[in-house]
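*Asks:* This is a predicted model, with the sequence first.
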Amino acid sequence: MNPTRQRPTTDDTTDRASATSARTIITTGALAGLAAAAATVVTAAAAQAIDIPMQAAASADEAAQDIPLWAYAQLTVASAVIGTLLALALHRWARRPARTFVAVTAALTVVSFVGPVTAHHATTATRVVLELTHVIAAAIIIPAVAARLGRR
């Protein structure tokens, strides 16, 4: 054995494993976010194709406007970024990161339903599709990221 070469310490090994896990969580979050964004855009486009008016207004005083397809992707990716940051924090500090992540993100998904429910000048069908896009995104992102948190 070379006397000048030292064995890695437990801390070095743990740091490397943690960095690898962090990269895996980030990669998984990014890929799941992109897949979810595509799924929400397809859902909204399908709704438009069957004549569901994907329109809403920011306030009761404004007229309803079409929700552009890119907005579904943009908001889904933003949610995936927030979820991935939450996952990284829980990976670092939570005793049970996967379990905590699923509980918190499920609660946040339920809270996200407030937006579609309170959308001004939106039809019931529009509200249902908007909420469906939230469920679809969550169903893609949450399990994918949670699976990576289970591997410490």
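*Replies:* Everything's here; your move. Please read these numbers as outputs of a predicted model, since none were measured by experiment. Residues are numbered from 1 along each chain as shown.
*Asks:* Return the set of buried residues in stretch 70-78.
*Replies:* For stretch 70-78, a neighbour-count test (16 or more other C-beta atoms under 10 Å) marks Y72, A73, L75, T76, V77 as buried. In short, each C-beta sits where N, CA and C put it, glycine included.
*Asks:* Can you give me the buried ones in the helix or strand bottoming out on mean pLDDT in the chain?
*Replies:* Least confident helix or strand, the chain: helix 10-49 with a mean of 86, by mean pLDDT, DSSP states H and E. Buried residues in helix 10-49, counted by 16+ other C-beta under 10 Å: 21, 24-26, 28-29, 32-33, 35-37, 39-41, 43-44, 47-48.
*Asks:* elements contacting the next helix or strand after that helix?
*Replies:* Next in sequence after helix 10-49, counting helices and strands by DSSP states H and E, comes strand 55-56. Contacts defined by 3 or more C-beta pairs under 8 Å, 6 or more residues apart in numbering; DSSP states H and E place strand 55-56 against strand 65-66, helix 124-149.
*Asks:* In its sheet, which strands sit next to strand 55-56, and in what direction?
*Replies:* Applying DSSP bridges to the sheet, strand 55-56 is found paired with strand 65-66 (antiparallel).
*Asks:* And the contacts of the partner strand?
*Replies:* Residues from elsewhere that reach strand 65-66 (C-beta atoms under 8 Å, 6 or more residues apart in numbering): M54, Q55, A56, A57.
*Asks:* so what pLDDT did the residue most central in space within the chain get?
*Replies:* Nearest to the geometric centre of the chain sits A80, at 3.0 Å (C-alpha atoms, centre = their mean). pLDDT for A80: 98.
*Asks:* From V135, how far out is it?
*Replies:* For A80, the distance to V135 equals 15 Å [C-beta to C-beta, to the nearest Å].
*Asks:* three-state assignment of D61?
*Replies:* Following DSSP: H, G, I helix; E, B strand; the rest coil, we place D61 in the coil state.
*Asks:* Can you report how many residues neighbour it?
*Replies:* Other residues lying near D61 total 7 when counted by other C-beta atoms under 10 Å.
*Asks:* what's the answer for A138, then?
*Replies:* Neighbourhood size, A138 [other C-beta under 10 Å]: 20.
*Asks:* That one contacts T109, correct?
*Replies:* Yes. Between A138 and T109 there is a contact at 4.3 Å, judged by C-beta atoms under 8 Å.
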